[in-house]
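Engineer: Compute the structure for the input listed below.
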Amino acid sequence: QVQLQESGPGLVKPSETLSLTCIISGESISTTGAYWSWIRQSPGKGLEWIAHRSYSGATYYSPSLKSRTSISWDTSKNQVTLELSSVIPEDTAVYFCAKKTDSVYDYWGQGIQVTVSS
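Structural biologist: Model prediction:
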């Protein structure tokens, strides 16, 4: 059974860098065909894809967030980390990590609420 767990701060000040980690169990992040994604949902809005890391280590970013976003990983810990720099109040959202296989998000973490406020 694949499980994903997000961790990170619940409150970040404007202009700071948000760092969130997805701890994955039950499957290696290098499993062929797996894409490890970050997705968020802001209050009153739909889901917004942020970025993902492929099983081979390639990274892909949303054009609207690319300049402020980076993904890193630790294969020994089976973790994927998202960094979002220069955060603004509009980055307030529930952040999810999710696994995508064959274009389907088949596993999700429970999500973590992040509030950007001074």
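
Engineer: When you work out contacts or count neighbours from here on, use the C-alpha atoms and nothing else.
Structural biologist: Will do.

Engineer: Do a quick rundown of the helices in the chain.
Structural biologist: Remark: helices of the chain are absent; assignment by DSSP state H.

Engineer: Tell me where it is predicted with low confidence.
Structural biologist: The model of the chain has no residue with pLDDT under 70.

Engineer: Report the central residue of it.
Structural biologist: The centre of the chain sits closest to Trp38, judged by CA atoms, centre = their mean, with a distance of 2.7 Å.

Engineer: Tell me who's in contact with it.
Structural biologist: The contact partners of Trp38, by CA atoms under 8 Å, 6 or more residues apart in numbering, come to 49-52, 82, 95-98.

Engineer: Not counting sequence-adjacent ones, nearest residue to it?
Structural biologist: Using CA to CA, 6 or more residues apart in numbering and skipping the chain neighbours, the partner closest in space to Trp38 is Cys97 (4.6 Å).

Engineer: Was I right to think Ser86 contacts Lys13?
Structural biologist: No. Contact criterion CA atoms under 8 Å: Ser86 and Lys13 do not qualify, at 9.2 Å.

Engineer: wait, what's in contact with Ala51?
Structural biologist: By CA under 8 Å, 6+ apart, the neighbours of Ala51 are 37-39, 59-62, 69, 71.

Engineer: Tell me what it is bridged to.
Structural biologist: Beta-bridge pairing for Ala51 (DSSP bridges): Trp38, Tyr61.
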